[in-house]
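Q: A predicted structure for the sequence below; I have some questions about it.
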Amino acid sequence: MAYNQAKYLSENGHSVTVITSSIPKTGQKVFEDFNVIRIPVWNIFEDKLGVPYPLFSSRLRRTLRKEIKSADIVHAHGHVYMPSVIAARVAAKHKKPFILTQHNTFIEYKSPALRNMQKLADRLLGKPTLARSAAVITVSEATKDYMNDILPVKTHVHYNGVDVKRFKPVKDQSAVRKALKLPQDKIICFTVRRITFKNGVDTMIEAAKLLKKRPDILFVIGGKGPDLELARGLIKKAKLKNVLLLGMVEDKDLPSYYAASDIFILPSKKGEGFPLVILEALASGLPVIATRSGGHVEIIESSNYGFIVEPNEPAELARYIEVLSNKQTQLATMKHGSRQFAEQNLSWEENVTSLLKVFKEAGA
């Protein structure tokens, strides 16, 4: 999201500097038409616990102080991350408007200790950051409710955008499948996420087990993460031939995997804000079967573009996969509707136009 907003802002004549982590390289470079400053980090929490919370070097504060002094507005992502917390303080000191975008809702980690740590971080880090915000943008009503539970603030709900020129259906799906070495005679159910407990890869694998007797359905799972080997083990133990675990999918290949698929699956347990993969799937002309785990429910449940199932319910997930697999006319209609909806409502141009309105109201 930050990349696309920076790209479209810079293309419209705004000067943009992005401060982010450097894993593993450091330094500053020009990326597209905006500057990117990368700060060294230690990623021990993600490596050991599966919690994406990089610890930045001492350069972070010095860099933020220098850049914020010359900025008109400060825009951060995530209410408890170190750059957001420090940037909010520095912006207040220099009397610069601070805007916060929040993506996720509360994450139901498997460990009670991690859930308690998250609640503590919300109170000790998130609450002061929200209090220093001139405005808060959330990517869904569900995320807005999460923020207001921490501290009631002025909140704007802006759904994420998607590059509808990059993610789109193709005329010759068979050629794309051939290039990716995917079978031509299958209904392909695709997901691409970090392979973690909270993203529900185990639920998708359990659904595949229930559909073992449907040789026409193939589950394709892309991504890497701390639970990748666990997923491999579950597939091997169940002797599943209807699951293809891709590992890391290169960004350049991602549109092709969407285009080669028939149905997109989001099996997350909880804690989603409004995942970009949902928007990429819709733009690619895929109906979505997703769990009730975040803001995407607001679009899918009130539309004809997919189905919502409860988290941790592989039987329910398998049932809807069969529904679409058995009704090719309905599947084709939903594919067309998904693409049309994305083109009309979810472009990055529309997203950045809304963002600029918030900036203006905040005093930029």
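A: Okay, I see it.
Q: so where's the longest strand in the chain?
A: strand 34-42 (DSSP state E).
Q: helices or strands up against that strand?
A: If contacts are counted by 3 or more C-beta pairs under 8 Å, 6 or more residues apart in numbering; DSSP states H and E, strand 34-42 sits against helix 2-11, strand 17-22, strand 27-31, strand 55-56, helix 59-69. Where C-beta positions appear, they are placed from N, C-alpha and C, glycine not excepted.
Q: What mean pLDDT does stretch 69-77 get?
A: In this model, stretch 69-77 has an average pLDDT of 97.
Q: May I see the buried residues of it?
A: Ala71, Ile73, Val74, His75, Ala76, His77 (16 or more other C-beta atoms under 10 Å).
Q: Check stretch 7-27 too.
A: Lys7, Tyr8, Leu9, Ser10, His14, Val16, Val18, Ile19, Thr20, Ser21, Ser22.
Q: Am I right that the last one is in contact with Pro40?
A: Yes: applying C-beta atoms under 8 Å as the test, Ser22 and Pro40 come out as touching, 5.4 Å apart.
Q: who wins for proximity to Val164 among the helices and strands packed on strand 34-42?
A: Val164 lies closest, by C-beta to C-beta, to one member of the helices and strands packed on strand 34-42: helix 2-11, at 11.6 Å.
Q: for the helix or strand that Glu229 is a member of, the distance to its chain's centre please.
A: Secondary structure from DSSP states H and E places Glu229 in helix 228-238. The chain centroid and the centroid of helix 228-238 are separated by 24 Å under C-alpha atoms, centre = their mean, to the nearest Å.
Q: One more: stretch 174-189?
A: For stretch 174-189, the distance to the chain centre is 25 Å (C-alpha atoms, centre = their mean).
Q: Going by neighbour count, list what's buried in it.
A: Under 16+ other C-beta under 10 Å, the buried positions of stretch 174-189 are Val176, Arg177, Leu182, Lys186, Ile187, Ile188, Cys189.
Q: Among those residues, name the ones in helices.
A: Using DSSP state H to define helices, the subset of these located there is Val176, Arg177.
Q: Mean pLDDT lowest where, among the helices and strands packed on strand 34-42?
A: strand 27-31 - the lowest mean pLDDT of the helices and strands packed on strand 34-42, at a mean of 51.
Q: that older thread, of all the helices and strands packed on strand 34-42, which lies closest to Val249?
A: helix 2-11 (17.2 Å).
Q: contacting residues for the spatially most central residue of the chain?
A: The centroid of the chain falls nearest to Pro275 when counting by C-alpha atoms, centre = their mean (3.3 Å). Applying C-beta atoms under 8 Å, 6 or more residues apart in numbering to Pro275 gives the contacts Arg193, Leu266, Ser268, Gly294, His296.
Q: again, but for Gly295
A: Counted by C-beta under 8 Å, 6+ apart, Gly295 has contacts Thr105, Thr138, Val139, Ser140, Glu141, Ala142, Thr143, Tyr159, Glu272, Gly273, Phe274.
Q: Surely Arg292 and Phe307 touch.
A: No: assessed by C-beta under 8 Å, Arg292 is found out of contact with Phe307, at 10.6 Å.
Q: Which residue ranges of the stretch 151-300 of the chain form strands?
A: Counting by DSSP state E, counting those that start in this stretch, the stretch 151-300 of the chain has strands at residues 155-157, 187-192, 217-222, 243-247, 263-266, 288-291.
Q: before we move on, back to that, would you format the contacts of Pro275 as a markdown table with distance to Ser338, pLDDT and neighbour count included?
A: Converted to a markdown table, the contacts of Pro275 look like this (distance: C-beta to C-beta, whole Å; pLDDT from 0 to 100; neighbours: other C-beta atoms under 10 Å):
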| residue | distance to Ser338 | pLDDT | neighbour count |
| --- | --- | --- | --- |
| Arg193 | 19 | 91 | 22 |
| Leu266 | 13 | 96 | 26 |
| Ser268 | 19 | 93 | 26 |
| Gly294 | 18 | 79 | 25 |
| His296 | 13 | 87 | 30 |
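Q: CSV for those residues, including distance to Asp216?
A: Converted to CSV, these look like this (distance: C-beta to C-beta, whole Å):
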residue, distance to Asp216
Arg193, 24
Leu266, 22
Ser268, 26
Gly294, 30
His296, 27
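Q: Which member of the residues you listed is positioned nearest Ala318?
A: Leu266 (14.9 Å).
Q: Just list whatever residues bridge to that closest one.
A: Ala290 (DSSP bridges).
Q: give me every residue that touches it.
A: 191, 193, 200, 272, 275, 277-278, 288-291, 293, 296.
Q: can you redo the residues you listed as a markdown table with distance to Arg339?
A: Below are the contacts of Leu266 laid out as a markdown table (distance: C-beta to C-beta, whole Å):
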| residue | distance to Arg339 |
| --- | --- |
| Thr191 | 19 |
| Arg193 | 22 |
| Gly200 | 25 |
| Glu272 | 22 |
| Pro275 | 18 |
| Val277 | 16 |
| Ile278 | 14 |
| Val288 | 12 |
| Ile289 | 17 |
| Ala290 | 17 |
| Thr291 | 23 |
| Ser293 | 24 |
| His296 | 17 |
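Q: now the helices for the stretch 101-250 of the chain?
A: Assigned by DSSP state H, counting those that start in this stretch, the stretch 101-250 of the chain shows helices spanning 112-121, 127-131, 141-150, 173-180, 201-210, 228-238.
Q: and the last one with helix 201-210, angle?
A: Spelled out, that is helix 228-238. Interaxial angle of helix 228-238 relative to helix 201-210 (axes from the mean of the first three to the mean of the last three C-alpha atoms, to 10 degrees): 20 degrees.
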